[in-house]
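Novice: next input, structure requested:
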Amino acid sequence: MSEPIETASPPQGSSEATFLERAKPRNERMSASKIECNACPVLCQITEGRSGACDRYANVDGVLVRVDPVVLLRRKLDSDDAALVPFAPNGDDGGAPAPLDWDGDLVRADEVFVTGIGSSTTYPDYKPAPFIVSSQVEGVDMVTVVTEGIFSYCSLKVKIDTDRYLGPEQASVRCKGEVVGHVTTIEYGSQMLSLGGVHHLTGGSKKEGRVTLDVMQTLGNKQAVELEIDGGARIVVQAGRPPVVNGVEEHRMRVGCGSAAIGIFAKQLYGKVDEVVVVDDHITGVLTEHQAGRCLATRDSGIRIKGRKSTPGRYFQVANPGTGWGGTDISDPLSIIEGWDDKVAWPGLRLLMTSTTGEHAAWYVLDEALVPREAPMPPEVAAVVARIGENCEPSITSVMFLAGAGGSLRAGVTENPVLLTRSIKNMLVNVTMGGAPAYVWPGGGITVMADVLRMPDHSFGTVPTPAIVAPIEFSMRLDDYQALGGHMDYVRSLEEVLRSGAWHRDGAPTGRRWARGGEGNPWPLGRPPMLG
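Specialist: All right, here's what the predicted structure looks like:
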């Protein structure tokens with residue numbers, strides 16, 4: 001917990017009348033030993049020495065204190081990328097940790113960026129954001145509006161690199177028995193989940209909302225969550241880690257569908273095999289029928305494959321989805337072969353069967369009765385199978401935070417919120433989340449999406465409304481901020497912000513910290529559209 005903060009003074013140029021005081025407690029009979037926190041709609045009444053329901057604010061000696069310090073981003077001196085610098089526990093910066101290689105200069109605008117992590121919120125909506133920071137970058141006057149957003153309209157999009165069958169599209173995804181999302185589409189080598197969203201957070205039972213909130217916070221903070229899919233698999237997912245499907249950790253993301261694998265590796269297999277079947281839940285490929293085989297003038301093998309033929313050498317629905325070969329439910333690859341045309345096939349025909357990742361592969365030779373007999377795989381064929389595996393990227397889980405930024409966020413920037421939306425769409429404003437780049441979706445509103453792995457550790461919190469708390473920053477030229485009707489009376493220099501913390505009296509911390517995470521991100525103030 002940080003030390004109790006000193007009361008901030010009104011921003012320079014504003015009067016006491018315009019400086020927003022704390023609202024009177026709604027419960028006039030509240031004990032004198034308690035203070036009311038108005039950082040969110042819950043309005044906790046916090047006893048001295050205790051924290052509120054969100055664990056973000058506490059009562060320390062009768063003063064409302066933001067428990068977590070603000071996270072600062074620092075640019076590498078020799079790079080255009082951002083990095084959060086590791087900190088030493090006993091810094092001399094007013095009790096706040098200091099970077100191990102810190103030289104004492106915190107006011108260089110081209111090196112320091114105030115993130116929304118720990119910055120406090122702007123409830124009620126009309127209050128200006130806690131930090132509206134001015135700086136100069138390459139001779140350009142800049143301003144960054146910094147806040148923690150309270151998001152009810154938010155979700156996680158989870159990309160899981162695996163061919164294993166996770167469950168049917170639209171199937172419910174559960175955690176601890178509660179529905180927290182659903183299965184969406186299968187993409188190339190990956191399957192997608194949508195978790196969270198306002199209907200699960202607020203539209204169901206209290207337990208559903210609490211479990212959904214916990215899942216979102218845990219995954220957003222890069223920790224593991226176990227999920228169960230109706231009619232499908234039990235999985236463990238964690239951002240940046242391989243998914244675990246039914247207790248088995250995945251290792252490879254397929255190089256392509258069965259047809260694509262045939263096309264990619266046909267020339268490398270030519271002359272070493274007589275027939276190749278790449279087993280795949282989506283499109284199973286057969287070399288001699290495939291256009292790649294025809295271009296190489298391969299001899300017809302007479303093989304007959306189960307399933308629905310799409311185009312030559314490409315078969316749909318050869319088996320049911322599952323966790324076996326190529327994302328099907330089979331463990332014996334020969335089960336998808338109906339037979340052989342005895343007028344075309346011949347004894348001694350060499351058959352390679354492999355999955356799309358090369359994790360499953362077998363070598364067969366037809367006997368006199370045209371029955372495939374398993375045999376040791378020749379080294380030159382095994383080398384091509386290994387090449388298939390080599391071209392499969394590591395299987396990982398990706399977690400994207402998706403949210404609609406409205407309400408407090410826009411009012412904290414300007415009294416005319418639509419001008420902020422228009423400025424973002426016109427590329428006059430750069431939106432980041434904890435300093436990490438955020439993709440802004442086209443269309444109406446400010447719908448942002450960020451990769452949680454690019455955000456600093458522990459970027460996400462919660463409030464029991466229930467809603468997710470996440471950092472967000474809006475950076476722009478100072479004259480553009482003025483043009484969109486920004487809260488100019490609350491713009492403060494970076495030096496002043498670092499010295500005194502947030503402007504308001506809502507427990508926003510003066511403490512600050514540097515932490516690991518987010519390496520490799522572009523510098524929020526140093527790339528187009530900011531200085532383009």
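Novice: just list the residues touching the closest residue in space to residue 238 that isn't next to it in sequence, thanks.
Specialist: Nearest residue to residue 238, sequence neighbours excluded (Cβ to Cβ, 6 or more residues apart in numbering): residue 224, at 3.9 Å. Yep, even glycine has a C-beta here, placed from its N, CA and C like the rest. For residue 224, the residues meeting the contact criterion (Cβ atoms under 8 Å, 6 or more residues apart in numbering) are 218, 236, 237, 238, 241.
Novice: likewise residue 390?
Specialist: Residue 390 makes contact with no residue, according to Cβ under 8 Å, 6+ apart.
Novice: can you give me phi and psi for it?
Specialist: phi -60, psi -30 (degrees, to the nearest 10).
Novice: and the gap between it and residue 268?
Specialist: With distances taken as Cβ to Cβ, to the nearest Å, residue 390 is found 12 Å from residue 268.
Novice: can you check residue 471 too?
Specialist: Relative to residue 268, residue 471 is positioned 49 Å away (Cβ to Cβ).
Novice: those two - which one has more neighbours?
Specialist: For residue 471 and residue 268, the more surrounded residue by other Cβ atoms under 10 Å is residue 471, and the numbers stand at 26 against 14.
Novice: could you find the closest non-adjacent residue to residue 400?
Specialist: The shortest distance from residue 400 to any non-neighbouring residue, by Cβ to Cβ, 6+ apart, is to residue 157 (4.4 Å).
Novice: which strand residues bridge the one you found?
Specialist: residue 194, residue 400 (DSSP bridges).
Novice: C-alpha coordinates for the helix ranked longest in the chain, CSV please?
Specialist: Ranked by residue count and defined by DSSP state H, the top helix of the chain is helix 206-220. These are the backbone C-alpha positions of helix 206-220, laid out as CSV (Å, rounded to 0.1, in the frame of the first residue of the first chain):
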residue,chain,number,x,y,z
LYS,A,206,-24.8,-12.5,-9.6
LYS,A,207,-22.6,-15.6,-9.6
GLU,A,208,-22.4,-15.6,-13.4
GLY,A,209,-21.3,-12.0,-13.3
ARG,A,210,-18.7,-12.6,-10.5
VAL,A,211,-17.2,-15.6,-12.3
THR,A,212,-17.1,-13.8,-15.6
LEU,A,213,-15.3,-10.9,-14.0
ASP,A,214,-12.8,-13.1,-12.4
VAL,A,215,-12.1,-15.0,-15.7
MET,A,216,-11.6,-11.7,-17.5
GLN,A,217,-9.3,-10.2,-14.9
THR,A,218,-7.2,-13.4,-14.6
LEU,A,219,-6.7,-13.8,-18.3
GLY,A,220,-6.1,-10.1,-18.8
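Novice: low-confidence ranges in the chain?
Specialist: Filtered on pLDDT under 70, the chain yields the residue ranges 1-29, 76-110, 504-519, 527-532.
Novice: rerun at 50
Specialist: Across the chain, the ranges flagged by pLDDT under 50 are 1-20, 86-104, 510.
Novice: any idea how far the most centrally placed residue in it is from residue 361?
Specialist: When the chain is reduced to its mean C-alpha position, the closest residue under Cα atoms, centre = their mean turns out to be residue 400, at 2.4 Å. Between residue 400 and residue 361 the distance, using Cβ to Cβ, works out to 34 Å.
Novice: can you show me the helices along the stretch 151-300 of the chain?
Specialist: According to DSSP state H, counting those that start in this stretch, the stretch 151-300 of the chain carries its helices in the segments 198-202, 206-220, 258-269, 291-295.
Novice: what's the last one packed up against?
Specialist: Think helix 291-295. Contact here means 3 or more Cβ pairs under 8 Å, 6 or more residues apart in numbering; DSSP states H and E; on that basis helix 291-295 packs against helix 258-269.
Novice: list the buried residues in the helix it packs on.
Specialist: Neighbour-count burial for helix 258-269, counted by 16 or more other Cβ atoms under 10 Å, picks out 258, 259, 260, 261, 262, 263, 264, 265, 266, 269.
Novice: please apply the same query to stretch 478-487.
Specialist: Along stretch 478-487, the positions that meet the burial threshold by neighbour count (16+ other Cβ under 10 Å) are 478, 480, 481, 484, 486, 487.
Novice: can you redo those residues as CSV with secondary structure and distance to residue 372?
Specialist: Written out in CSV, the entries for the buried residues of stretch 478-487 read as follows (DSSP: H, G, I helix; E, B strand; the rest coil; distance: Cβ to Cβ, whole Å):
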residue, secondary structure, distance to residue 372
478, helix, 74
480, helix, 70
481, helix, 72
484, coil, 71
486, strand, 73
487, coil, 75
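Novice: tell me which two in those residues are the farthest apart.
Specialist: The two members of the buried residues of stretch 478-487 with the most space between them (Cβ to Cβ) are 480 and 487, at 14.0 Å.
Novice: quick one, what contacts residue 440?
Specialist: With contact taken as Cβ under 8 Å, 6+ apart, residue 440 is in contact with 424, 425, 431, 446, 447, 448.
Novice: swap in residue 466?
Specialist: Applying Cβ under 8 Å, 6+ apart, one finds that residue 466 lies in contact with 152, 201, 202, 209, 210, 212, 213.
Novice: relative to residue 180, which of these is nearest.
Specialist: Proximity of the contacts of residue 466 to residue 180, judged by Cβ to Cβ, is greatest for residue 212, which lies at 4.5 Å.
Novice: quick check: that closest one touching residue 199?
Specialist: No - taking contact to mean Cβ atoms under 8 Å, the distance of 9.4 Å between residue 212 and residue 199 leaves them out of contact.
Novice: the two: which has the busier surroundings?
Specialist: A count of neighbours by other Cβ under 10 Å puts residue 212 above the other of residue 212 and residue 199, at 27 against 13.
Novice: which residues sit in contact with the more buried one?
Specialist: 175, 178, 180, 181, 195, 196, 200, 201, 466.
Novice: give the residue farthest from the middle of the protein.
Specialist: Relative to the centre of the chain, and counting by Cα atoms, centre = their mean, the farthest-placed residue is residue 368 at 56.0 Å.
Novice: for the residue lying closest to it once chain neighbours are set aside, which residues are in contact?
Specialist: Distances taken as Cβ to Cβ, 6+ apart place residue 347 nearest to residue 368, at 4.9 Å, with adjacent residues excluded. When contacts are counted by Cβ under 8 Å, 6+ apart, residue 347 is found next to 366, 367, 368, 370.
Novice: do that again at 10 Å, thanks
Specialist: When contacts are counted by Cβ atoms under 10 Å, 6 or more residues apart in numbering, residue 347 is found next to 365, 366, 367, 368, 369, 370, 371.
Novice: same deal with residue 235?
Specialist: Under the criterion of Cβ under 10 Å, 6+ apart, the contact list for residue 235 reads 158, 160, 162, 164, 166-167, 173, 191, 193, 225-229, 243-247, 250, 397.
Novice: residue 42 too?
Specialist: Residues touching residue 42, when contacts are defined by Cβ under 10 Å, 6+ apart, comprise 52, 53, 54, 123, 463, 464, 465, 466, 467.
Novice: hmm, back to that, ranking by neighbours, what's the top pick from the contacts of residue 347?
Specialist: residue 366 (22 neighbours).
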